[in-house]
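Enquirer: Quick one: sequence and predicted model below, then my questions.
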Amino acid sequence: MIRVYLDREALSMAAAELFATAAHSAMRDTGRFAVALAGGDTPRRTYEILAHEPFRKRVPWEKTHVFWGDERCVPAADPRNNARMASRALLDHVLVPDGQVHPMVCGRAPQDAAKEYEALLRSWFPGELPRFDLILLGLGENGHTASLFPETPVLDERRRWVADVSPANDGMHRLTLTVPVINQASRVVFLVSGANKAPILREVLEGSPDPHRIPACLIRPAGQLVWLVDRDAARLLRNAT
Ligand SMILES: O=C(O)[C@H](O)[C@@H](O)[C@H](O)[C@H](O)COP(=O)(O)O
């Protein structure tokens with residue numbers, strides 16, 4: 001499903017609405033809401049909207065469990081840190097119990113950190129694969145999503161739930177959920193905004209690219225896949241609704 005919005009503000013409002021809807025569905029079905037947040041810049045406005053009325057009251061924050069789809073291996077106070085961005089925009093303003101916020105902490109060797117985060121996930125999601133109620137994702141201009149970068153070994157990872165990524169093109173070590181975990185989610189939502197994303201968005205949605213060249217094409221969840229895009233990002237699409 002592809003939904004096109006006038007601009008980033010409208011996209012962000014729609015994403016907040018979808019977040020609240022997913023939370024209520026999860027509460028009805030399981031009594032808790034497990035979400036993996038996206039990093040980067042696009043989701044920031046969605047998080048800010050969720051931190052204010054009406055969403056501040058509408059989302060069952062006390063039953064929400066917050067994870068991340070990926071993290072850059074930089075100090076927690078570094079402006080590039082995904083958990084820092086989400087905390088400043090959202091988590092510092094809503095009442096998610098501390099024990100239910102699970103940032104990816106690279107700290108030591110990324111490989112060990114990946115194992116530790118996977119152990120954490122296994123403690124919250126007993127069973128074969130973790131099924132998040134919602135995973136938010138962004139789309140890089142090179143077709144990466146989370147920290148699944150083009151032509152990297154992690155794209156073929158089918159056993160591990162969390163992988164460490166050697167310096168990506170931005171020179172940062174990263175941690176990322178792997179493709180099988182993302183595709184296990186009940187609902188995956190991409191947030192894509194800006195004219196600079198138009199070429200890659202057309203390739204992903206209307207081309208037939210090699211998924212190793214454009215990793216976002218590997219995201220084919222058993223659950224719902226939703227693309228929330230703004231008009232600038234959608235300007236090259238032939239058949240955007
Ligand atoms: O940690 C990250 O870098 C993100 O997880 C990454 O996958 C991001 O979603 C895309 O790069 C889009 O980033 P923007 O939203 O800033 O364009």
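Expert: Received the coordinates, thanks.
Enquirer: SS state for V229?
Expert: Per DSSP: H, G, I helix; E, B strand; the rest coil, the local secondary structure of V229 is strand.
Enquirer: Look at it and say how many residues are nearby.
Expert: Using other C-beta atoms under 10 Å, V229 has 26 other residues around it. (C-beta placed from N, C-alpha, C; glycine too.)
Enquirer: hey, what's it bridged with?
Expert: Under DSSP bridges, the beta-bridge partners of V229 are V4, V192.
Enquirer: So it sits against A195, correct?
Expert: No. V229 lies out of contact with A195 (C-beta atoms under 8 Å); the separation is 11.4 Å.
Enquirer: and the helix or strand encompassing A23, what does it pack onto?
Expert: Assessed by DSSP states H and E, A23 sits inside helix 8-30. Packing partners of helix 8-30 (3 or more C-beta pairs under 8 Å, 6 or more residues apart in numbering; DSSP states H and E): strand 2-5, strand 33-37, helix 44-50, helix 55-58, strand 134-137, strand 187-192, strand 224-230.
Enquirer: Around the ligand, which positions in this protein sit nearby?
Expert: 38-42, 70, 72, 82, 138-140, 144-147 (C-beta under 6 Å from any ligand atom).
Enquirer: The helix holding A23 vs strand 33-37, what angle?
Expert: Angle of helix 8-30 versus strand 33-37, following axes from the mean of the first three to the mean of the last three C-alpha atoms, to 10 degrees, is 150 degrees.
Enquirer: Residues in contact with helix 8-30: which ones?
Expert: Here helix 8-30 makes contact (C-beta atoms under 8 Å, 6 or more residues apart in numbering) with 3, 5, 32-35, 42-43, 45-46, 48-50, 55, 58-60, 63-64, 133-134, 136, 186-187, 189, 191, 193-194, 226, 228-230.
Enquirer: Cheers, nothing more for now.
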